[in-house]
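**Student:** curious how this folds, go ahead:
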Amino acid sequence: MAAPDQKSPNVLLQNLCCRILGKSEADAAQQFQYAVRVIGSNFAPTVERDEFLVAEKIKKELIRQRREADVALFSELHRKLHSQGVLKNKWSILYLLLSLSEDPRKQPNKISTYAALFAQALPRDAHSTPYYYARPQTLPLNYQDRSTQSAQSSGSMGSSGISSISMYALNGPTPTPQSLLPGQPHQVPGVGDYRRQQLGSRLAWTLTSNQLSSQTSTAKGVPDTISRNLTRSRRDGDASGNMEITEAALVRDILYVFQGIDGKIIKMSSTENCYKAEGKANLNKSLRDTTIRLSELGWLHNKIRKYIDQRSLDRSFGLVGQSFCVALHQELKEYYRLLSVLHSQLQLEDDQGVNVGLESSLTLRRLLVWTYDPKIRLKTLAALVDHCQGRKGGELASAVHAYTKTGDPYMRSLVQNILSLVSHPILTFLYRWIYDGELEDTYHEFFVASDPTVKTDRLWHDKYTLRKSMIPSFITMDQSRKVLLIGKSINFLHQVCHDQTPTTKMIAVTKSADSPKDAADLFTDLENAFQGKIDAAYFETSKYLLDVLNKKYSLLDHMQAMRRYLLLGQGDFIRHLMDLLKPELVRPATTLYQHNLTGILETAVRATNAQFDSPEILKRLDVRLLEVSPGDTGWDVFSLDYHVDGPIATVFTRECMSHYLRVFNFLWRAKRMEYILTDIRKGHMCNAKLLRNMPEFSGVLHQCHILASEMVHFIHQMQYYITFEVLECSWDELWNKVQRARDLDHIIAAHEVFLDTIISRCLLDSDSRALLNQLRAVFDQIIELQNAQDAIYRAALEELQKRLQFGERKKQREIEGQWGVTAAEEEEEGKRIQAFQESIPKMCSQLRILTHFYQGIVQQFLVLLTTSSDESLRFLSFRLDFNEHYKAREPRLRVSLGTRGRRSSHV
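**Tutor:** Presented below is the predicted three-dimensional model:
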C-alpha cells in the first residue's frame, strides 16, 4: 500500500484534531469525522457577511477587556491585511478570530457563538456519522450516499451525540449543545495547555449518547424556547397513544398538500372542507397553526383545479371560457414550478443528509415566507373562479376586468395578464366583425348577436342586435354601438346594396389582436389606440354606406318626393289633381276603378311641374284605394301611394309608410275642406248678382255668407298651423339632421322623429284623439254647409228661373198683342211665389241650426286646445278666437295664454 501523502488535507486535518485534543489518531477518530463533515458542508453562519462589522465587534470585545493597546494594534494589523490582496475571504478570517476568542462555557444570548457557526452546518443525519478506523487520507471530503451512511450508522461502535442538539427551529438560532451548557460536567483531555483545551472544547460535541441523554434530562437553566424546539426521535406512540411528529415529516406532507394530495399526517376533511392534521398527531399549537396556514394553498389549488377540469371539457363554455381556463392553467404552471423547486430542494437534502433548521433547508417558517406571494396569487385566482361562476363570453371578461380596479399593483398585474388572455377571443371576434363583417360566434359569446331567420329587407333593423349582458365592461356602450354599426354596414352593403367593394378599400385596416400580447397592449391604451381603431372604422364605413345610398340609390331625392307628394308639398299638382278627380270622387266608393284614377294621376303629373321629376320617382307614385265602408264616397277612400324597395326600404319601412298614409289622409281631408270652402265662396260670388232680384232671399244669403266666413277662417288657421308650424318646421329639422348624419342609424332615427312629430302635432296620436274627433266634426259641418247651400241655391235658382220664364212669356204675349197673363196663370204664379217665400224661414232655421252646432263644436275644440300640453296648439286657440267671440260665450276660455299653460300642466 502506498505511503500516505503527509501534505494531503485529510492528514493535515487529522493532525490538527490530534494536536488540539491531545489524543492519538484512533482516539480522535470521532472528532476527526465530525471535522470532515463540517469542512465538507456548504452552509454558512447566519450572520451578515460584513468585514467592517466583524472588525468593530473585535474592537469592542478588546475594549470590554480593557485592552486599548491591543485595539490600536488590531486596527493597524487590519489595515495592513486590508491592503494585501493575498487573502480573498478576509471576513471569514476575522469571524474565525472572533469566534475563537469567545468563552464556550458562557451562556449564549445571541447568534454570534460557535454554536451558530458550527451547528447550522450539521447535516440532518450527523448523529449517524460512521466511526472509521481507516487512515484519514482514504476518507473523501464530501457526503456519502445516504443509504450507505445509514447502513454504516447502524453498525457503528459509537455515536457523535449530535442528536441532543436542537433543530434550527423555524428560522431561529440553534441552541447550545447540552454538553456545553454552564454547570454541566465537561470532560477535557489533560494533554496540552489551556488554549488547546479551549479549542478542544469547541469540537468536543461528540460525547456518548447516554451521557448526553442524562445531561438533557437533568439540565437546568435551559430556556423554554430551547426545550420546546428540541427534536426527539419519532416514536410509534406514547402513553396517550399520540404520535410525535417531526418538522421534517410535516414539511414533506405539506409539499404533497400543496398539490392537493393527502399526506400521511395532513388530510382533507370532507366535513369541514379543509386540510387538517390527524387527531392522533402530537403537534404543538405553533406547528399546528403554521400547518393550517400552509394547507390553505392546497385548498385553493383544489378549488382552481376543479374549476379548470370541469370547464375545460365543456364546449358550451366557449372560447372566452377556454381562454380563462388556459390563463388559470398557466398560473398553476408557475405554481407547479415552485413546487418542483421545493421538491428538488427536499430531495437534495435527503440525498446529502442535511438537518432541518439549517440556513438553506426547508422548514415550515421558510415555506410560509416562500409561499407568501403564491398564496396571494392563488387567493386572487380562487376569488376570480367564484366571481366567474355561471358566466361566459363578454360577461366573463367583465367579471375578470372588475378585479383590475384595485390599488394593489401586484394583484392588478396578475388580473391584467389573465384579462389579456380572456379578452383575446373577444377582440378576435371584434376585429373580424369590423374589418370583414363576419360573425362566427358559435357559443354566443360576442356582444353582437345575429338572427339567421331575418330576411334581407329587415337586415338593418332586426338581424343584428346587441347582447347587452355580453358587452365587456372595458368597452363602453358607445363603442359597442359603433362596433355593431360597422359590421352591420358592411353586411348591408354586400347583401342589400349588392356592393361587393372589398373592405380594405373602405377601411384602412390596422393591426388586429393576433395574440394576447396585442390584446394586452390595447388595454394599456383603451381610450386612445382602441378608441381610435373603432372610430376610424366607424367613420369610414358609415361614410361609404351613405355615399352609396345617396348617389346610387338617391335616398335624399326619395325623401323629398315623400314631402312633395305624400305630404302635399307640390301645391300645383295637388290642386290640379283635385280638380281632375272631383267628378270621380263624388261618386260612391264602390263605383271607382283604380286604373281610371291612375290615368287621372298621370294626367295631373304631365300637366304640372311634377313632370320634371326623375322618372325613377314618378314611376313609384301610384294610387291606392282604402278599405270601403258603407256610405263612403271616393273622397273617403282615395289615397296616393309611393312604392319603396331595396336599400331605401330600410329608411322607409312599412311602419313609416303607414304613418305617411295616415298623415296623407288627414292632410287630404283638410285640403278637401279648403277646396269645398273655395267652391262655396265661388257660389256666393257667382250667385250674388243673379239673386239680387229676389230681395226676400237676401237674409238667407247673408246668413250663409257669415257661416262660410267663420269656416274659412277656421280652415285657413288650421292649414297655416299644419303647413308651416308642423310640416315645414319638422321638415327643416329633419333635413338638417340628415345633412349632419354620420351613419344610417342617425338618418333612420331622424326620420322616425320627424314622423312622430307630425303625427303628434297633426292630432293623429292617441293623446289627441278627443281633439281629432272635434276637428272631424268641424269638417263634417263644412260638408253639411256645402250640402245645405247647394240645396238652397238650387231652390233659389229654380225659383229665379221660373220667374224669368214667367216674365218672358208675359212679354212675348204682349208683343203678340195678347194679354200677358191670364187670371189663372197669375194666381198660380202667386201661389208658387208664396210657397217659396214660406220656405225661406225653413232655410234660415236650417242655417241657424247648422251655425249653432258648428259653433258648439268649435267652442269645445278651443277648450281642448287651451288644455293641451303643446304650446303651439294653445297659440292656435288664440288665433282661432282672435276676436274673442267664443271667449265671451265660454268662461273656460277667459284665461290668459300663460294661465292656460299653467293650467294645462296641472291637468
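**Student:** next one: stretch 586-595 to chain centre, how far?
**Tutor:** For stretch 586-595, the separation from the chain centroid amounts to 61 Å (computed by C-alpha atoms, centre = their mean, to the nearest Å).
**Student:** in it, what's buried?
**Tutor:** When neighbours are counted by 16 or more other C-beta atoms under 10 Å, the buried residues of stretch 586-595 are found to be Ala589, Leu592. In short, each C-beta sits where N, CA and C put it, glycine included.
**Student:** ok, residues contacting that stretch?
**Tutor:** The contact list for stretch 586-595, computed with C-beta atoms under 8 Å, 6 or more residues apart in numbering, reads Glu584, Leu585, Val623, Leu625, Val628, Asp632, Thr633, Gly634, Trp635, Asp636, Val637, Phe638.
**Student:** quick one: end-to-end length of that stretch, please.
**Tutor:** Distances were taken as C-alpha to C-alpha, to the nearest Å; on that basis the terminal residues of stretch 586-595 are 17 Å apart.
**Student:** tell me the mean pLDDT over it?
**Tutor:** Mean per-residue pLDDT for stretch 586-595: 92.
**Student:** stretch 544-564 now?
**Tutor:** When the per-residue pLDDT values of stretch 544-564 are averaged, the result is 94.
**Student:** tell me the buried residues in it?
**Tutor:** Those would be 544-546, 548-549, 553-556, 558-559, 561-564, for stretch 544-564 by 16+ other C-beta under 10 Å.
**Student:** from these, which land in helices?
**Tutor:** Among the buried residues of stretch 544-564, DSSP state H puts Tyr544, Leu545, Leu546, Leu555, Leu556, His558, Met559, Ala561 in helices.
**Student:** my read: the third one touches Asp743, true?
**Tutor:** Put plainly, it is Leu546. Yes. Counting by C-beta atoms under 8 Å, Leu546 sits close enough to Asp743 to count as a contact (7.4 Å).
**Student:** still on that earlier bit, among the contacts of stretch 586-595, which are in strands?
**Tutor:** Taking DSSP state E as the definition of strands, those contribute Val623, Leu625, Phe638.
**Student:** now the first one, nearest residue through space, not along the chain?
**Tutor:** Just to be clear, that refers to Val623. If the residues on either side of it in the chain are set aside, Val623 comes closest to Leu597, at 4.5 Å by C-beta to C-beta, 6 or more residues apart in numbering.
**Student:** which parts of the protein are strands?
**Tutor:** With DSSP E applied, the chain shows strands at 243-244, 266-269, 274-277, 281-282, 448-450, 464-466, 621-625, 638-642, listed in chain order.
**Student:** so can I have TSV of the ones you listed showing mean pLDDT and mean neighbour count?
**Tutor:** Compiled in TSV, the strands of the chain are given as follows (pLDDT from 0 to 100; neighbours: other C-beta atoms under 10 Å):
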stretch	mean pLDDT	mean neighbour count
strand 243-244	63	16
strand 266-269	84	17
strand 274-277	82	18
strand 281-282	74	18
strand 448-450	94	18
strand 464-466	94	17
strand 621-625	94	17
strand 638-642	95	19
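**Student:** ok, which of those strands comes nearest Ile706?
**Tutor:** Closest approach to Ile706 among the strands of the chain (C-beta to C-beta): strand 638-642, 31.7 Å.
**Student:** pLDDT weak spots in the protein?
**Tutor:** With pLDDT under 70 as the threshold, the chain has low-confidence stretches at 1-7, 40-49, 85, 102-244, 279-280, 352-360, 508-527, 820, 895-907.
**Student:** how much space separates the spatially most central residue of it from Leu430?
**Tutor:** The geometric centre of the chain, computed from its C-alpha atoms, lies nearest to Ser473 (C-alpha atoms, centre = their mean), at 1.9 Å. Here the distance between Ser473 and Leu430 works out to 15 Å (C-beta to C-beta, to the nearest Å).
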